[in-house]
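Peer 1: sequence unavailable; structure follows:
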């Protein structure tokens, strides 16, 4: 019975993240669904791209890509947008696309790798640390606000998926972020504590916490690091539709990307013992204190994650807007440029970063 319960809530938790643990084997990438203009690796001849690094307050190197419109004058101060990638991803997945598209609209933009992921520092790799993730957004403001071509009074943020909750967490204590937009947001705290639609019981939550706590002994004694959640590596007839949605992005040429020094076996998978830290992450508490700075929550009306945007919108104070993209699911807004409302994002930041 215990094994059945354990197996059940593991799957439940994994499904909450749209993810599931499976690092034992790597399947052959299936044909990607490129409908609705899926173009994760989009390049533009209208912007320049420059790799940059800067330090956060933990003295950790944060890596990013700085996008500058070719038509922009560097002799003027310009509005700027920071873009954060989905949880378990890197800047080459979604964040670069959004940064490129918004740079085409005249904004200086910066995509960044969260600490412990991609080209940013942090050991062990794939560690979960919501506090440091939020700090990375503030460190990006430190960097941008000291550039001669950036107007430090006009810096905004776009957080995609998990980065939506990290950006909100950062904005609550960093008033230099003047406008905040989230896309397909996951509240990573609630997702881990409660699962989708609050379907995880307290007993199941306690068992997850206990498993992670026991694993700490293993790793303290020098045992092998254990990874959790993440996107499945193979599909079968029992694969849940949410898992298939993530697989089509992360495990096919549509959005698959393995950072230098990592392995396809580990991409998207956080460490088990650190993932538990999300249980203590409450990004929407005091979200109303961000006001009067504006907030825009974008979600697909078919997204399995829309409950998080709706909850954040309900708790936030004015000015705020909840924007539904008709016919879009959660991962659709990672890269399907025919669905992503770039015009909405442009009008939002043009209004509030003017």
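Peer 2: Right, received. Where do you want to start? Just so it is clear, the model here is predicted, and its values are computed rather than measured.
Peer 1: mind listing the strands the longest strand seen in the chain pairs with, and their directions?
Peer 2: For the chain, the strand with the greatest residue count under DSSP state E is strand 150-160. According to DSSP bridges, strand 150-160 has the following sheet partners: strand 78-84 (parallel), strand 179-183 (parallel).
Peer 1: how about that strand: buried residues?
Peer 2: 150, 151, 154, 155, 156, 157, 158, 159, 160 (16 or more other C-beta atoms under 10 Å). Any C-beta I mention is one placed from the backbone N, CA and C, and that applies to glycine too.
Peer 1: that older thread, can I get the strands paired with strand 150-160 in TSV including distance to residue 273, mean pLDDT and mean neighbour count?
Peer 2: Formatted as TSV, the strands paired with strand 150-160 follow (distance: least, C-beta to C-beta, whole Å; pLDDT from 0 to 100; neighbours: other C-beta atoms under 10 Å):
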stretch	distance to residue 273	mean pLDDT	mean neighbour count
strand 78-84	24	98	27
strand 179-183	28	98	27
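Peer 1: which one, of the ones you listed, ends up nearest to residue 96?
Peer 2: Checking the strands paired with strand 150-160 against residue 96 by C-beta to C-beta gives strand 78-84 as the closest, at 8.0 Å.
Peer 1: tell me the contacts of the most centrally placed residue in the chain?
Peer 2: With distances taken as C-alpha atoms, centre = their mean, the residue of the chain nearest its centroid is residue 86 (2.3 Å). Residue 86 is in contact with 93, 94, 160, 161, 162, 163, 184, 186, 334, counting by C-beta atoms under 8 Å, 6 or more residues apart in numbering.
Peer 1: what about the nearest residue to the second one once chain neighbours are set aside, helix or strand, and which?
Peer 2: In this structure, residue 94 finds its nearest non-sequential neighbour in residue 334, 4.5 Å apart by C-beta to C-beta, 6 or more residues apart in numbering. Secondary structure assignment for residue 334, by DSSP states H and E: helix 332-335.
Peer 1: which residue packs closest to residue 33, ignoring adjacent ones?
Peer 2: residue 248 is the one closest to residue 33 (C-beta to C-beta, 6+ apart), at 5.2 Å.
Peer 1: if I look at the one you found, how far off is residue 303?
Peer 2: To residue 303, residue 248 is 15 Å away according to C-beta to C-beta, to the nearest Å.
Peer 1: do the same with residue 85
Peer 2: With distances taken as C-beta to C-beta, residue 85 is found 17 Å from residue 303.
Peer 1: returning to that earlier point: tell me which two in the contacts of residue 86 are the farthest apart.
Peer 2: 93 and 186 (14.5 Å).
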